[in-house]
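*Asks:* Structure here, sequence nowhere to be found:
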C-alpha cells in the first residue's frame, strides 16, 4: 500500500496522542510486558521480563531513556512466603529493538528514530537472570512488581480507557511453577508481538501465538490487571479499578458493539468489534497442563489501541478441504489413519490495491505450508498433511496476515486448530441368549487407539438405550430383545467412531386355558377358575381384569400337572387373563362370567313406641339366608334412610331397632360381605308399608291473685296430661323474666306501673314438647311519691316556693315536711324560706291497701351579699401596674368580671393586677354573679399620668481643648414641674461639655421620668497599629489606612524603614490606604519595620510619632 490519505494521518496523530500520555515522573511509557521462565538444568530456570516501550518519550531527559539501564526486580514466593529477590540484566541490544508495525518506507521515520515524526514507535527491551529454586513445591510464584531499579517504575499511561488513572498504577505480572508434579517445565513462547492496532467497527482478532516446546496442553484466560508495589517484594496491591461507565472487567476489557468480547480459551483467540476509539489494558494468563495437572503459568499485559481506519485490516479463514471436515474458519478435524488431507486459507484484502503477506508460527512438524500469490491482494495458503502415521491429538499453529499499508501496517493473526481423532475398533460375543428370566449377556471388546473409550448401544430407531464411559478393556453388558447397534468412540471426540450391529432374539413361552364354578348362593365368594397349560411347578404372575378393572398381578405356583386353581371368587366377568414369567407373557384368554342364584324376603313384623317421642319401636325383616351379611334399605315418611348392614340371624331375620313414629316403607335386602365390590349385588323383592304411632302431650293450668304492698302473689295449678307411662317435666315463664320448674308454683310480681303479664307453660317427657300460651294476669300501678318545686332547688332567702304533687297510684292522703319545722297536708302547698341554709322537703303518700311511699328533695337557700374593692395605688405613671382585690361572699357565686376602663377586662380572678397604657382618670368596676341572689357591683377610679419626653439634641463632635459645647433639655426647659439629673451629677436644666464622650439626663414630671443620651465624638485623633497582614484576603492588608485610623487631619507625612535603615516607603496623602508591604513592587519579608509619622489637625494641633510595626504573612 502506498502512502494514504491525510485524513488517516490525522487519525493516526490522534492515536499517537491518545497512546503516549505520561504516567508520572520517572514512570516509563509501557504499552505491554511479558513474564515467563525457561528450564535450564536441574532446578535452574531462566527468568525473562520483556518490556514494550513507547518511543514518544525517548529523549535522554525522560524516563524512557532509563529502560536501557533498568534493573527489573522479580520477587520469588512459595505460596505467600517470600523466598528470594532477583535483579534482571538487560540483554543486547541494550538500546532495544524497534517492533513498530510500519511499512518499509517508514521504518526509519518513527518516534524511535525521529521524535518529530508523527508515526508512533515501539521498542522491545529484554531482561533476564537465572535462578535455582531451592526445593520442590507446587506453589512457586515469580512476580514482577513494576520496580525497574533506582527511581524508575513500570508505569501505565494515565489515559487508559478501561481503568481509573487515579491512583497511578504500575504493571505487575506473575508466573507460576509446580516442580513438585513435574521435574522440568518451560513456559510457552509468545510468537506474536503485543503491538496491536485495531480498527473501529472492524471485525478484529488477536492471538499471542503461544508455542509450548514441552507439548503441554495450554489454557488461556483474560484476567484483571494487577497493581504492582514498585518497591519492596510483596504480593502486590490487588486488581486495578475498572471504570463503571461501561461494564469493563478483566474478562470484558474492551468497549464493543455487542457489549462483550469473544474468547477461545483453547487457543487464546480474542474476537471483537470495537465501537469507540480507545486504548484499553488487556491481560492474558496462560496455564500449562501435563496429564491434567496444572504445572505452570505465565502472563502478558498489553494495550489494545483502536483507531479510525480508512482501510480495515486483512481477514481470512479456512475455506475448502480435500479430506476431513472444516468446522469453522479456524477449526478443522479428521479421523486418524484416513490418509493425506489439505485445506485452503483465502486472505481477503480491504481494497484491491492492498497487498497481503502470509506467514506462520508454531507449524506442527511434517505439516506443509505454501502460499500462492504471497504479497498480492489475494494470496491463497494451502495447509497439507496426512492423518496416517500422525499421532492423534489437537495441533494449534498461527497464521498472520500483514498488509503493506503506510505508515502503519494492518496485521491479523489467526489461531488454527487441526484435530486428528483416533478411530477405535469394536468386537462382541453373545455368551448367554435372552431368556424369560433375564436379558442376554454380551462380552464387548474395544480396541485400537483413543483409550479410554465410550461405548453406546442404540436401538433400531437410533435412540440410545445404554452408555458406558471410560472403558479401557473388555467388559460384560446385558441386552434385551431387539436389533441394536454398538457404537465406540474415543474420549477425545465422538466424530470418529466404529459401529457393529447385534441382534438379540426373543425366548418362547406357554399358552393357557380355564374352566369355572359359580358361587353357591347369592353374594357368596366361593366361585373358582382353574388355569391349565402352565409350565409344571413354575412360579408365575397371573394378570386379569374383573368387570373391566385390571388387577396388579397375582403370584401363582403351578402344580405338577401345569394347573392352578383361583378360589374365593365373587360373581363377575373375568377377562384378559394371562401369565408372565420374567419377561415372557402368554396370550390372553377370556371372558369367564361367574353368576349368582336368586334372592327373596318373606314378611315384616313390628312393635309400636311406648310413649310420645320415644324411639323404642322395631321392625323385623324375615326370610333371608342365615349367617349371610345383608344390607336393608327403606324409607321413613318417603325419605330414604341410612342402610342397615347386619348378619342374618338363625331365624332368617334382621331386626331394625330404636324406631320412632312414622311411615316405614320400601324394604329391600342386598347381599354384601365378601363380594361387596361386585356389580352383581343380590337385591331382594320390596315389602311395606309399616306405620308406627305414639301418644301426644297437652299442657294446661289455672291461677289465683293475692295483692300486696311489696309485690302481688299469684298461685298456679297445673292440669297438663298425660302423667304416665313416663314422668313429665315443666318450665314456667311468668312474663316478668321469672321462671320455675315445679309442677304447681307460686310467683310474686313487682309491677312499677299498670302491667299485664303473659304466662307460658312448656311440658316435655324428654322426647316430645307441648306449650300453652293462653293465660294473662293484670295489676294496677303501685303507689309512688313524686313532686316538683318552683323555683326548683336553689333560691335566695325570703323566697316562696310552690310545691306540686305528681305521685302515681291510688293516693288517699298527703303529708309534707319542709325542713324548717313547718308541715302541710294539702296536695299542692306554698312555703316561704326566710333563712339561708339547706332544707330537706319530704312528701309521704298513702293508698287504700294501705301502702305508703315517701320522697325527699333538698332546697338550697342562698344569702344576699355586700361588696367592696381595694387598690394598691390610685395615682400612677403610664405603663404602671395596680393590684385590685374585692371583698364579697362566695356562697352561691357563679363568677366575677373586672373592667379596667381602658377596654380591658378579666373574669374569675381575685385579686388581679393590671398595667395601664392610657392616660387620664379611669373607672375600675368589679361585678360578682350569683346563682340565685342578685348581682353585686362596686366601682373605683385610678389617675394615670403620661411619662415626660426629653430631647438633648443631635450627636456632635469636637477637638479636645477647643470650643466647649452646651447641652440642654429642649423639650422641658419651660416646664415648672420638671426636675433633672445628669450623669455628671448636675441637677440643672443644662450642662457644658468640654471633653468628647457620652452625656445623659433624666427628667421627672408628676413623679414620671424620661431619659435621653447624646454622643460628643473626638474630631481630631490618630491611632497607631503595631501589626498588619498584607496577604490579599481583604483584612488588615495595609499599614495605617487614614480613613480608618484618623480624623481631622489637614497635614500628614509617613516614612517606613527596614531593619537596615533603608527607606522603603513614604507618603504625604492624608486619605491614602497606607503601605501595602511592598518595596519596588516586591513583597517584603515577614519582620519588624520602623515608621516615622508627622501630622497636623484642623484645630492646629501637631504630633510626631516614631514606632515599630510587624509585617506578618
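*Replies:* Arrived safely. This one's a predicted model, so the numbers in the text were calculated from it and none came from an experiment.
*Asks:* CA atoms for contacts and neighbours, from now on please.
*Replies:* Will do.
*Asks:* check contacts around the residue lying closest to residue 619 once chain neighbours are set aside.
*Replies:* Counting by CA to CA, 6 or more residues apart in numbering, residue 619 lies nearest to residue 606, which is 4.2 Å off, once chain neighbours are set aside. When contacts are counted by CA atoms under 8 Å, 6 or more residues apart in numbering, residue 606 touches 617-620, 690.
*Asks:* Over to residue 989?
*Replies:* Contacts for residue 989 were tallied using CA under 8 Å, 6+ apart; they are 968-969, 973, 979-980.
*Asks:* swap in residue 939?
*Replies:* Taking CA under 8 Å, 6+ apart as the test, what residue 939 contacts is 869, 923-926.
*Asks:* Strand partners (parallel or antiparallel) of whatever helix or strand it lives in?
*Replies:* If you go by DSSP states H and E, residue 939 is part of strand 936-945. Looking at strand 936-945 with DSSP bridges, its partner strands are strand 875-877 (parallel), strand 920-930 (antiparallel).
*Asks:* How far off centre is that strand?
*Replies:* Centre-to-centre, strand 936-945 and its host chain are 77 Å apart (CA atoms, centre = their mean, to the nearest Å).
*Asks:* one step back: the residue nearest to residue 619 in helix, strand or coil?
*Replies:* Three-state call for residue 606 (DSSP: H, G, I helix; E, B strand; the rest coil): strand.
*Asks:* before we move on, the earlier item: tell me which residues in the strand holding residue 939 are buried?
*Replies:* By 16 or more other CA atoms under 10 Å, the buried positions in strand 936-945 come out as 936-938, 940, 942-945.
*Asks:* If we only consider the residues you listed, which is nearest to residue 697?
*Replies:* Nearest to residue 697 out of these is residue 936 (CA to CA; 83.1 Å).
*Asks:* What sits closest to that closest one if chain neighbours are left out?
*Replies:* Nearest residue to residue 936 in three dimensions, chain neighbours excluded: residue 928, at 5.1 Å (CA to CA, 6+ apart).
*Asks:* picking that back up, against which helices or strands is the helix or strand following the strand holding residue 939 packed?
*Replies:* As assigned by DSSP H and E, the chain's next helix or strand after strand 936-945 is strand 956-958. Using 3 or more CA pairs under 8 Å, 6 or more residues apart in numbering; DSSP states H and E, the elements in contact with strand 956-958 are strand 1008-1018.
*Asks:* Who are the packing partners of the strand it packs on?
*Replies:* When contacts are defined as 3+ CA pairs under 8 Å, 6+ apart, strand 1008-1018 sits against strand 956-958, strand 997-1005.
*Asks:* what comes into contact with the shortest one?
*Replies:* Contacts made with strand 956-958 from outside it, assessed by CA under 8 Å, 6+ apart, are listed as 995-996, 1015-1020.
*Asks:* hey, which strand is longest across this protein?
*Replies:* strand 293-307 (DSSP state E).
*Asks:* Among the contacts of residue 989, give me the pair with the biggest separation.
*Replies:* Pairwise distances among the contacts of residue 989 were taken by CA to CA; the largest, 12.4 Å, belongs to 968 and 979.
*Asks:* quick revisit: what number of residues lie near the residue nearest to residue 936?
*Replies:* Residue 928 has 23 neighbours, counted by other CA atoms under 10 Å.
*Asks:* tell me the contacts of residue 347?
*Replies:* 314-317, 356, 378-381, 401.
*Asks:* Sorry, slip of the keys, the one I care about is residue 626.
*Replies:* Here residue 626 is in contact with 647-653 (CA under 8 Å, 6+ apart).
*Asks:* Over to residue 254?
*Replies:* Contact analysis of residue 254 by CA under 8 Å, 6+ apart lists 162, 248, 260-261, 274, 280.
*Asks:* Now the strands paired with strand 936-945 in CSV, please, with extra columns for mean pLDDT.
*Replies:* Converted to CSV, the strands paired with strand 936-945 look like this (pLDDT from 0 to 100):
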stretch, mean pLDDT
strand 875-877, 91
strand 920-930, 93
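*Asks:* what's the pLDDT at residue 297?
*Replies:* As predicted, residue 297 sits at a pLDDT of 98.
*Asks:* Where does the residue nearest to it when sequence neighbours are not counted sit, in terms of helix or strand?
*Replies:* Spatial nearest neighbour of residue 297, chain neighbours left out: residue 287 (4.3 Å); criterion: CA to CA, 6+ apart. Take DSSP H and E as the rule and residue 287 turns out to sit in strand 278-290.
*Asks:* tell me the angle that strand makes with strand 293-307.
*Replies:* 160 degrees (axes from the mean of the first three to the mean of the last three CA atoms, to 10 degrees).
*Asks:* could you pull out the helices for the stretch 101-250 of the chain?
*Replies:* Ranges of helices in the stretch 101-250 of the chain, per DSSP state H, counting those that start in this stretch: none exist.
*Asks:* where does it dip in pLDDT?
*Replies:* Low-confidence segments of the stretch 101-250 of the chain, defined by pLDDT under 70: 230.
*Asks:* Mind doing that once more with 90?
*Replies:* Along the stretch 101-250 of the chain, the parts satisfying pLDDT under 90 run over 101-122, 146-159, 164-170, 183, 193-199, 201-204, 215, 228-238, 245.
*Asks:* Enumerate the strands of it by residue range, in sequence order.
*Replies:* Here the stretch 101-250 of the chain has its strands, by DSSP state E, counting those that start in this stretch, at 122-132, 140-144, 171-177, 189-190, 197-199, 204-206, 210-211, 217-223, 226-227.
*Asks:* Find out how far the third one is from the centre of the chain, if you would.
*Replies:* Using CA atoms, centre = their mean, the distance from the centre of strand 171-177 to the centre of the chain it belongs to is 40 Å.
*Asks:* what helices or strands is it leaning on?
*Replies:* Using 3+ CA pairs under 8 Å, 6+ apart, the elements in contact with strand 171-177 are strand 30-41, strand 140-144, strand 226-227, strand 293-307.
*Asks:* strands paired with it, and their directions?
*Replies:* Strand 171-177 has these strand partners (DSSP bridges): strand 140-144 (antiparallel), strand 226-227 (antiparallel), strand 293-307 (antiparallel).
*Asks:* so what's the residue nearest to residue 629 when sequence neighbours are not counted up against?
*Replies:* For residue 629, ignoring the flanking residues on the chain, the nearest one in space by CA to CA, 6+ apart is residue 647 at 4.1 Å. With contact set as CA under 8 Å, 6+ apart, residue 647 has these partners: 626-630, 654.
*Asks:* which of these are buried?
*Replies:* Buried subset of these (neighbour count, 16+ other CA under 10 Å): 628-630, 654.
*Asks:* if we can go back for a sec, for the contacts of residue 626, which one is nearest residue 1070?
*Replies:* Closest to residue 1070, out of all of the contacts of residue 626 and judged by CA to CA, is residue 647, at 142.5 Å.
*Asks:* That closest one and residue 80, how far apart?
*Replies:* Computed with CA to CA, to the nearest Å, the distance linking residue 647 and residue 80 is 90 Å.
*Asks:* One more: residue 122?
*Replies:* From residue 122 across to residue 80, the span is 35 Å (CA to CA).
*Asks:* do residue 661 as well
*Replies:* Distance from residue 661 to residue 80, counting by CA to CA: 101 Å.
*Asks:* between those two, which one's more packed in?
*Replies:* More crowded of residue 661 and residue 80, by other CA under 10 Å: residue 661, with 21 against 12.
*Asks:* check contacts around the more buried one.
*Replies:* Counting by CA under 8 Å, 6+ apart, residue 661 has contacts 608-609, 613, 615, 617, 691-694.
*Asks:* excluding its backbone neighbours, what's nearest residue 388?
*Replies:* Closest residue to residue 388 apart from its sequence neighbours, by CA to CA, 6+ apart: residue 337 at 3.9 Å.
*Asks:* can you count the residues close to that neighbour?
*Replies:* Using other CA under 10 Å, residue 337 is surrounded by 17 other residues.
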